[in-house]
Every structure is written in C-alpha cells, then in structure tokens.
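Visitor: My questions are about this predicted structure, shown below with the sequence.
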Amino acid sequence: MFSGPYLVLLLVVAIVFIVYMTGRKQMNAFLVLLLAALGVGLLANNPPPVSVGGVDGLIDVIAKGFGGTLTSIGIVIIAGTIIGAILEKTGAALVLAQTMLKLFGKKNAPLAMAASGAVVSIPVFCDSGFVILSSLNRALAQSSGVSLAVMGTALSMGLYATHVMVPPTPGPIAAAGTLGADLGLVILFGLLVSIPTTLAGWYYAVKVGSKYKIVPKSESSYDDLLKKFGELPGTVESFLPLVVPIVLIALRSIAMFKSNPFGVGIFRDILTFIGHPIFALLLAVFLAMRLAPKINKEVYGDWVNEAIKNSATILVITGAGGAFGAVLKATGIGDYLGQVLATYNLGIFLPFLIAAAIKTAQGSSTVSLITTAAIVAPLLDTMGFGGTMGRVLATLAIGAGSMVVSHANDSYFWVVSQFSDMDVKTAYKLQTGGTIVTGLVAIATIALLSTIIL
C-alpha cells in the first residue's frame, strides 16, 4: 500500500472528481461517491487490492460502509422527511410562521420571518419552506412597506441556519451518523448556534437588503394561501411534531450522561427508550398525521409514499458517503492527513473549510454535509475531536461550512431569487453575501464553544 503524500494527493483528486462530476457534469452524487470509493480503494494500493488496508476486500468495505451508515440513521431520515411533508401539506408550517409573527409583531416583520424560517426549516427542507412561506412573506412586505429584498433575505437566512445544523433535517442527521455524534446533543447545540446565525442573517438583510427596493407583485395573496389550506390546524398541535421529538431525544442524551442525572433505574431506561431518535421521530410522524382534517388513505398512504420517495435520494447519497468514508478509513488516508494537519492547528476550522469548498464548488448543502463527514470521520481522533462533544462540534462545523456559499449552482439560490423578485445581480449581493456572513458567524460561534467545552 502507498503511504504519505501520495495518499493526500489521491484524496485531493477524489474531491476534485466529486465536485467536478456533481457540479459540472450533473452526475448523481450516489454514483459519483461510489466511483470515488472504488477509485481511491484501487489506487491506494500497489498492486490494486483484493483487500483494503489489510482488512476486508474493497467491495466488502464499500458494502459495509454503505449498509452500516443506513443502519444507524436510515429510519430517522425517512421519518424526518415524512414529518416535514405533512407539516407542509396541512398548513402547519404556515401556523408556525404565524406564531412567530404574533411573537415579534408586524413592526419587526423581517425578524419575524427570519425566526419563522429557523423554526420551519428544522423538519422542512429550506427550499420547500421558502415556497410555503413566500405568500406570507409578500403579504408582510406589502402591509409593512418593507422591501421584499429585506424580507426575502431574512427568511432565507433563517431557513438556512437550521437546515444545515439542526436535525431532523436529513443533512445534519446524515453527518451526525457518519461522525458518530450524539443526535440529542447535535440538536441542542445546533439550536444554540443557529440563534446568533439567524440574527446575523436578519441584521445583514436589514442593513444590506434595505438598499434594494423591491415592491412585491400581488400574484397570489396571503388570503389565497389560506383558502388553499382551508382551516389551519391549531398552534399547539402544529408545534407538537416538532417539539416532542426534540425534547425526547434531548432528555435521552441527558439521561445517558456519565453522571446519571436521572439515576440508573426504570425511569432512565424509559427515557433511553422513548428518546431514541427512531422511536421519537416515529411518534412525531403520528402526531403530525393528527394535523390532517381526516386521517385517511391520502394521509397515511399517498403523503407518506411521496415523502418516502423524496427521502430516497438522501438515503442513497448518505449510504454512498458512508462507503466512501469507510474506504478512506481502511486505506489509512485519514490517519496520515490527520497527523499532517495537526501541525497546522486548524482545529474546528478544518471541517468548515472542506465543507465550504465542496458547497461552493458543487452547490448542494446536503451533498457537502455528507461528503465532508465521510472525509473528516477518520481524522477526528488526530484532530482532537474524537470525544462526545468533539464529534458534535465537528458536525456543526460541517453544517456551517455547507452554507458557504449559495450561488448560481445552488437550486436554493434560484428559489430565493425568483420568489423574492430579485435579479441575479441583486441575488448575488443578498443571498450569496448573506450565506458568507451567516456561515462565518456560525463557525465563530462553534469555535468559541470549542474553546469553552473541549
């Protein structure tokens, strides 16, 4: 097997290959990641191996990496996608936004929309969330006299903050699973980091977006949106599918602390069971179904089928990322690179920079999260992030990097610009500029936490 600088060069070539094929050639990331895994496994050995790193055969490593990743997080990703789909179809996501608006008031409409985005995007994909809240955003811009440039940017940044850092959105779930991070702690600290990140996005929207006057077109009104959904679900009921799993997963994480804050008896066992991400999110699925006017075949059949189909892409890409990471670990690239990078003291900024480079080059935050997690996983111990909190912070750092930057190769860039009536030049200044600012604030917050916790 080769070693040293050759392995680093091989990793760089693999990353360039992934970025080029997913970004320029638009090949599906599932195929690209598997091809990268095969290529690295074959070229890391001289002659090409039957085994990788003296362990299993190359194909066995790929298969185990793929299956092992989905074993831990596959059901969680599917359940999270179902919850988001139901919240979208029942109008519950709109209820969440209305609640934020009442909390902050129309005078603070941009802040209300940023907060709404941060809440809605915990279970709902950010592009779907933006479309759902677009009519409300336009109505508030009309009634408050605030430029749609401000409102659109504030909403976009709020949606993005939790989309990349707070499960059960599939991207951070996948990254946490690959890195072996405690999901409850990722949720807790992801929420914490998303607060200054969202506020930074709101501030950027107000200060920079106010320079661009965009009067919203009245193609569809807020009243039209309400008619589409009919009678909206109640506020408490709308929040339950979001709050219940987060609370249960967080309690489980606390119960499993070495200090045993809930003791070691039956109560701890119950919390450990009901707070398992699979159980908590399955429970949330049925809480979400209660939001529908009637629980019938359309809800538990058609809606669920559609959500499962939508989750399939995330599942296979996540599994392929796990396969790629398993090959990197078996070849020893991670160990060598970790030793080299340790001399530069990049610390928590390393996963951020890798994720930012991949995101900027190929456009997808989810692909950036999954790919970077596969690359970083073998490096955690040598980076000093192999402990419980280290893995959590590394996951969040990858999430922060996957925000930087959103531009023309990102579908979300076009959703924000088109639904906010921005021309491309304006969108670059607001959407692209905003993601730079929020990403930097996020990693600065994570770096501060790392100095306190680690």
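Guide: Cool, the structure landed. Numbers count the residues shown, from 1 in each chain.
Visitor: switch to C-alpha atoms for all contacts and neighbour counts from now on
Guide: Will do.
Visitor: Isn't residue 23 up against residue 361?
Guide: Yes: judged on C-alpha atoms under 8 Å, residue 23 makes contact with residue 361 at a distance of 6.7 Å.
Visitor: what about the helices in the stretch 101-250 of the chain?
Guide: 109-120, 126-144, 148-163, 170-179, 183-209, 222-229, 235-255 (DSSP state H, counting those that start in this stretch).
Visitor: Can you mark which positions in the longest one are buried?
Guide: Okay, so that is helix 183-209. 183-191, 193-206, 208-209 (16 or more other C-alpha atoms under 10 Å).
Visitor: Show me what that helix is packed up against.
Guide: For helix 183-209, the elements it packs on are helix 109-120, helix 148-163, helix 170-179, helix 235-255, helix 388-401, helix 433-453, judged by 3 or more C-alpha pairs under 8 Å, 6 or more residues apart in numbering; DSSP states H and E.
Visitor: coming back round to it: joint contacts of residue 23 and residue 361?
Guide: residue 409 (C-alpha atoms under 8 Å, 6 or more residues apart in numbering).
Visitor: Tell me which of the helices of the stretch 101-250 of the chain is the most buried.
Guide: A comparison of these by mean neighbour count, using mean count of other C-alpha atoms under 10 Å, puts helix 148-163 on top with a mean of 31.
Visitor: Contacts only, for the nearest residue to residue 160 once chain neighbours are set aside.
Guide: Of all residues not flanking residue 160 in the chain, residue 126 sits nearest, at 6.1 Å (C-alpha to C-alpha, 6 or more residues apart in numbering). Taking C-alpha under 8 Å, 6+ apart, we find residue 126 in contact with 117, 156, 159, 160, 163, 412.
Visitor: got it, and residue 123?
Guide: Counting by C-alpha under 8 Å, 6+ apart, residue 123 has contacts 80, 81, 83, 84, 167, 168, 169, 242.
Visitor: Export those as a markdown table, with columns for distance to residue 57 and pLDDT.
Guide: Listed next are the contacts of residue 123 as a markdown table, based on distance: C-alpha to C-alpha, whole Å; pLDDT from 0 to 100:
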| residue | distance to residue 57 | pLDDT |
| --- | --- | --- |
| 80 | 34 | 89 |
| 81 | 34 | 89 |
| 83 | 39 | 92 |
| 84 | 39 | 88 |
| 167 | 34 | 89 |
| 168 | 34 | 85 |
| 169 | 34 | 86 |
| 242 | 43 | 89 |
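Visitor: nearest to residue 286, of those residues?
Guide: residue 83 (8.6 Å; C-alpha to C-alpha).
Visitor: Surely that closest one is within a strand?
Guide: No: applying DSSP: H, G, I helix; E, B strand; the rest coil, one finds residue 83 to be helix, outside a strand.
Visitor: show me what contacts it?
Guide: 123, 124, 241, 284, 285, 288.
Visitor: Let's have the residues you listed in a markdown table, adding distance to residue 432.
Guide: A markdown table is the format used below for the contacts of residue 83 (distance: C-alpha to C-alpha, whole Å):
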| residue | distance to residue 432 |
| --- | --- |
| 123 | 23 |
| 124 | 21 |
| 241 | 32 |
| 284 | 34 |
| 285 | 34 |
| 288 | 34 |
